[in-house]
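# Test case, fold it:
(chains A and B)
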Amino acid sequence: MHDDTNKILTLAERFEYSPFMIRQIMKNFPNDHIAALKAFAQPAPETIRVNTLKISPEELKTRLEEKGFKLTPVEWLDYAFHVDSTHTHHTLGATHEYLKGFYYLQSLGSMIPVHLLYPKPGDQILDMCAAPGSKTTQIAQYMQNQGQIIAIDIKKSRINSLISNIRRMDVRNAIIFPFDATQLYIQHLGKFRPNKILLDAPCTGSGILRHDPSIKRMKNDSKIHRLRQQQKKLLKAGLKLLPKGGTLVYSTCSFHYQENEMVVAEVLKEVKNVEIIEPQENIGLPGFSQIDDMEFGYNLLKSRRLTPHLHNCDAFFYCILQKS
Amino acid sequence: MGKGKSVKGSAKEKHPSYHERTQRKDVKKLRKKASSRKYDSAQKTENSIKKPQQEIEKSPKIRKVKGLPKISPHQQGKQAHSHSRSFGYRDPKMGSVRALIPVEVIPQSKKSQNKIRIQKAKTGKNQQREQKSQKLQKTHQFQKSKKSKSKSQDIKFTTLNTTNVQIVKKYFETISPSLFDTMARSGQFVLYQAEGEGYEIFLVPSEISPLIKQLNKNFPLMYAGIPLGFMKRQQTRTRFERQFFLSFEGGRFLWKYIQSYLPEIKNELQSVILDEDGEKAFFYGRNIEMDDVISETEKLVKKKITFVLDQNKEYIGLALLMVKQAGTEKPVLGIKTRDLYSRSPNFKLNLLNLSDGGKYLRKGS
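Residues are numbered from 1 along each chain as shown, chains lettered A, B, ... in the order given. Just a heads-up that it's a prediction; the model follows:
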């Protein structure tokens, strides 16, 4: 026990984390926490998603390479690239191609939930926490601007950034309004029966701490606890809205099991006729079935986790739920 | 004490800082004020209390007046003032009518008179305070009502009314005379207006339109379909008129739509292709000079909406062809037509930037 605390303190000092966060990383990356810490210390790779509504990936690649960027394809998606911009004076967020809406600056981890939702043209899709619109624009891309997307967010201030991105990316089938997703009832949605729901829940953002280093200094689990309650509410509301046969993808950019497996397990105890589905593609690592003397059930092995040291992206969690 | 003396004679004392000087001045002022107040108040009390008593003693006629109501000390000031002309007397020293003499004077002690004065002063101050507080309340109420109005003034998302449809139609006719009618006939889109802080016009695909009508009953819709443009009140020579302005996204949609679905209208559109420098300048929000235009400019018409394209013939924004004066030479007589006039060395063609893709960077998200 004494050794453990010593180890935590030395790691906290070495990597500039709070001891609480080191303890959390040791729990969530049980066999390779040092590798995870080292990966988190590296700068996050720049990744872009090509807006296939406007340009093909090949054409954009040639255009950006003419400007001095080096593009390498990513593992699971054929329309995304890792970008090396060390050999050019251009900035990736201010090129003419960016302003024309040809691509979106998005980390690989945040592209996966939409990919797992498998949107198709003509679908009715609900994005429960849509701002700032990275996933909504990706959904529209999959749907080829056909069908209906309802994108909502509780904060009106965040809606503006959502609208700005939707305008830039030339999305034409989205309806946007500020609303609390937990207060959403199927009666109010009229003819809209969302056969697919994306719930990219608000979280601590521990998975993207390379972009926001202040998360390293989190001192206790009060924020995690508060957000877990919110996540549970949202997930329950989402599952209520889902018709039979409909799918919901639950995702967070956090590695804390309290925000991921624990939330899903607790909600599934209360909501019946819902099962976890394994993704069609072999993406990431399986989720935890048990951790820290807690058992979530073997079903949660079907959920997926991305880690920075193994997948060269931010830490993410995904779980596909289907109503039977 | 020794320390104090040494400080007095120190450099600080000789050359005090600005802050210290101002502090000292303030202290002096305050002392002066306090002393003057004491003096004034003493004088006032003496004058106000002594004089009337002396005067009362000197004017026994007034005391004999009967049949008038008694006046309470609180009402003294007001009532006495109102009766001053009829029942007052002229003060030989002051040369004016003294008003503060009660009709039926009850001799009062100095203390009670002082009390009355204090009460009067208090009531005066209280009145002022009340007035101030009332004003504040009013302003608060006004602000509150404004806030509540702004809250209640949520965006109204409705189908475009007929007058606005006519305004949009007029605008479309400046791009191409048949554009609006052909789009209307296709039945692919429905025009909506979002009336909030601004007045935005949306072109909604007809598949989504019935859903919007349903959702509109329960939710505060902010955005749907394609943001075509916005309405704004513009001052004309005689009055204010509502006018339609095409947005960057609206222009992008129209350009694409006409290219792919209405090839017969293609030639009616006015467009220019810019070189690299022109494209950069345009994305920075600047106007463009004709030197940066690669495409033919001879057939361009003044004050017509112009679609601006880059070297890949991709839409990058909207502009308006304007003519600027650049010299004072008179045009040669005989060849003066409107078009030639604009191309004479006295005048310069200029593309006025209406909207460009750089706005996403400038405005932020």
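# Name the residue of chain A that lies nearest to chain B.
Here chain A gets closest to chain B at one residue, residue A:190, 3.2 Å apart by CB to the nearest CB. Every C-beta, even on glycine, is put in place using the N, C-alpha and C of the backbone.
# check contacts around the closest residue to that residue other than its chain neighbours.
Once flanking residues are discounted, residue A:190 sits nearest to residue B:214: 3.2 Å by CB to CB, 6 or more residues apart in numbering or on different chains. Each residue near residue B:214 by CB atoms under 8 Å, 6 or more residues apart in numbering or on different chains is listed here: A:189-192.
# For the helix or strand harbouring residue B:214, which residues meet the burial criterion?
Taking DSSP states H and E as the criterion, residue B:214 maps to helix B:209-218. The neighbour-count check on helix B:209-218 (16 or more other CB atoms under 10 Å in any protein chain shown) flags B:209, B:211-213, B:215-216 as buried.
# filter the residues you listed down to the ones near chain A?
Residues of these in contact with chain A (CB under 8 Å from any CB of the partner chain): B:211-212, B:215.
# Which single residue in chain B comes nearest to chain A?
With CB to the nearest CB, the shortest gap between chain B and chain A falls at residue B:214, namely 3.2 Å.
# and that residue, how far is that from residue A:148?
12 Å (CB to CB, to the nearest Å).
# any shared contact partners between these two?
Common neighbours of residue B:214 and residue A:148 (CB under 8 Å, 6+ apart) are residue A:192.
# Assumed residue B:229 was part of a strand.
Yes - assessed with DSSP: H, G, I helix; E, B strand; the rest coil, residue B:229 lies in a strand.
# Bridging across strands, which residues link to it?
Beta bridges link residue B:229 to residue B:201, residue B:246, judged by DSSP bridges.
# Return the distance of it relative to residue B:241.
16 Å.
# same check, this time on residue B:179
For residue B:179 relative to residue B:241 (CB to CB), the value is 22 Å.
# More neighbours: these two, which one.
Counted by other CB atoms under 10 Å in any protein chain shown, residue B:179 and residue B:241 do not tie: residue B:179 has more neighbours, with 21 against 11.
# Shouldn't residue B:260 be within a helix?
Yes - assessed by three-state DSSP, residue B:260 belongs to a helix.
# what does the model give it for pLDDT?
Looking at residue B:260, its pLDDT reads 94.
# what's around it, how many residues?
8.
# buried set for the lengthiest strand in chain A?
Using DSSP state E to define each element, chain A has its longest strand at strand A:316-323. Using 16+ other CB under 10 Å as the test for burial, strand A:316-323 gives A:316-321, A:323.
# Check stretch B:282-302 too.
Quick answer for stretch B:282-302 (16+ other CB under 10 Å): B:282-283, B:288, B:292-293, B:300.
# Could you do stretch A:262-280 as well?
Buried residues in stretch A:262-280 (16+ other CB under 10 Å): A:262-268, A:271, A:274, A:276, A:279.
# can you check stretch A:80-99 too?
Applying a neighbour-count criterion of 16+ other CB under 10 Å, one finds A:80-83, A:85, A:88, A:92, A:95-99 buried in stretch A:80-99.
# same thing with stretch A:114-124?
For stretch A:114-124, a neighbour-count test (16+ other CB under 10 Å) marks A:114-117, A:119, A:123-124 as buried.
# Serialize the residues you listed to a markdown table and add fields for distance to chain B.
As requested, the buried residues of stretch A:114-124 are exported to a markdown table (distance: CB to the nearest CB, whole Å):
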| residue | distance to chain B |
| --- | --- |
| A:114 | 20 |
| A:115 | 24 |
| A:116 | 25 |
| A:117 | 20 |
| A:119 | 16 |
| A:123 | 12 |
| A:124 | 9 |
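# Rebuild the residues you listed as JSON lines, extending it with secondary structure.
JSON lines is the format used below for the buried residues of stretch A:114-124 (three-state DSSP):
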{"residue": "A:114", "secondary structure": "helix"}
{"residue": "A:115", "secondary structure": "helix"}
{"residue": "A:116", "secondary structure": "helix"}
{"residue": "A:117", "secondary structure": "helix"}
{"residue": "A:119", "secondary structure": "coil"}
{"residue": "A:123", "secondary structure": "coil"}
{"residue": "A:124", "secondary structure": "strand"}
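# Can you say which two of the residues you listed are spatially most distant?
With CB to CB as the measure, no two of the buried residues of stretch A:114-124 lie farther apart than A:115 and A:124, at 18.7 Å.
# biggest helix in chain A by residues?
Longest helix in chain A by number of residues (criterion: DSSP state H): helix A:222-241.
# With just CA atoms, put it into CSV.
The C-alpha trace of helix A:222-241 is given here as CSV (Å, rounded to 0.1, in the frame of the first residue of the first chain):
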residue,chain,number,x,y,z
SER,A,222,-17.0,15.1,-7.7
LYS,A,223,-17.1,16.2,-11.3
ILE,A,224,-17.2,12.6,-12.5
HIS,A,225,-20.1,11.8,-10.1
ARG,A,226,-22.0,14.9,-11.3
LEU,A,227,-21.6,14.1,-14.9
ARG,A,228,-22.4,10.4,-14.4
GLN,A,229,-25.9,11.4,-13.2
GLN,A,230,-26.4,13.6,-16.3
GLN,A,231,-25.1,10.9,-18.6
LYS,A,232,-27.5,8.4,-17.0
LYS,A,233,-30.5,10.7,-17.5
LEU,A,234,-29.5,11.4,-21.1
LEU,A,235,-29.1,7.7,-21.9
LYS,A,236,-32.4,6.8,-20.4
ALA,A,237,-34.1,9.6,-22.3
GLY,A,238,-32.5,8.4,-25.5
LEU,A,239,-33.5,4.8,-25.0
LYS,A,240,-37.1,5.9,-24.4
LEU,A,241,-37.2,7.8,-27.7
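# Give the other helices and strands that that helix contacts.
Packing partners of helix A:222-241 (3 or more CB pairs under 8 Å, 6 or more residues apart in numbering or on different chains; DSSP states H and E): strand A:196-200, strand A:247-252, helix A:261-270.
# Run the angle between it and helix A:261-270 for me.
Computed by axes from the mean of the first three to the mean of the last three CA atoms, to 10 degrees, the angle separating helix A:222-241 from helix A:261-270 equals 40 degrees.
# what's in contact with helix A:222-241?
Identification of contacts with helix A:222-241 by CB under 8 Å, 6+ apart yields A:126, A:128-129, A:181-186, A:189, A:194, A:197, A:199, A:201-204, A:248, A:250, A:252, A:256, A:258-259, A:262-264, A:266-267, A:270-271, A:274, A:321, A:323.
# same thing with stretch B:161-168?
The contact list for stretch B:161-168 (CB under 8 Å, 6+ apart) reads B:160, B:180, B:191, B:193, B:201, B:228-229, B:231, B:242-244.
# for chain B, what spans make up the strands?
Under DSSP E, chain B gives strands at B:89-90, B:97-98, B:156-159, B:189-195, B:199-205, B:223-224, B:226-235, B:240-246, B:271-273, B:288-289, B:305-309, B:315-325, B:347-356.
# which one of those is the most hemmed in?
With neighbours taken as mean count of other CB atoms under 10 Å in any protein chain shown, the strands of chain B reach their highest mean count in strand B:223-224, at a mean of 26.
# and the nearest residue to residue B:253 once chain neighbours are set aside, what does it touch?
Counting by CB to CB, 6+ apart, residue B:226 is the residue found nearest to residue B:253 once chain neighbours are left out, at 5.0 Å. Contacts for residue B:226 (CB under 8 Å, 6+ apart) come out as A:172, B:202-204, B:249-250, B:253.
# and stretch A:190-210, how far out from the chain's middle?
Stretch A:190-210 sits 7 Å away from the centroid of its parent chain (CA atoms, centre = their mean, to the nearest Å).
# Also stretch A:306-324?
8 Å.
# start to end distance for it?
Length of stretch A:306-324, first residue to last, CA to CA, to the nearest Å: 27 Å.
# So, low pLDDT: which residues of the stretch 1-150 of chain A?
A:1-2 (pLDDT under 70).
# Helices of that one, start to end?
Along the stretch 1-150 of chain A, counting by DSSP state H, counting those that start in this stretch, helices occupy A:2-15, A:19-28, A:33-41, A:57-66, A:96-99, A:108-117, A:134-143.
# Sounds good, over and out.
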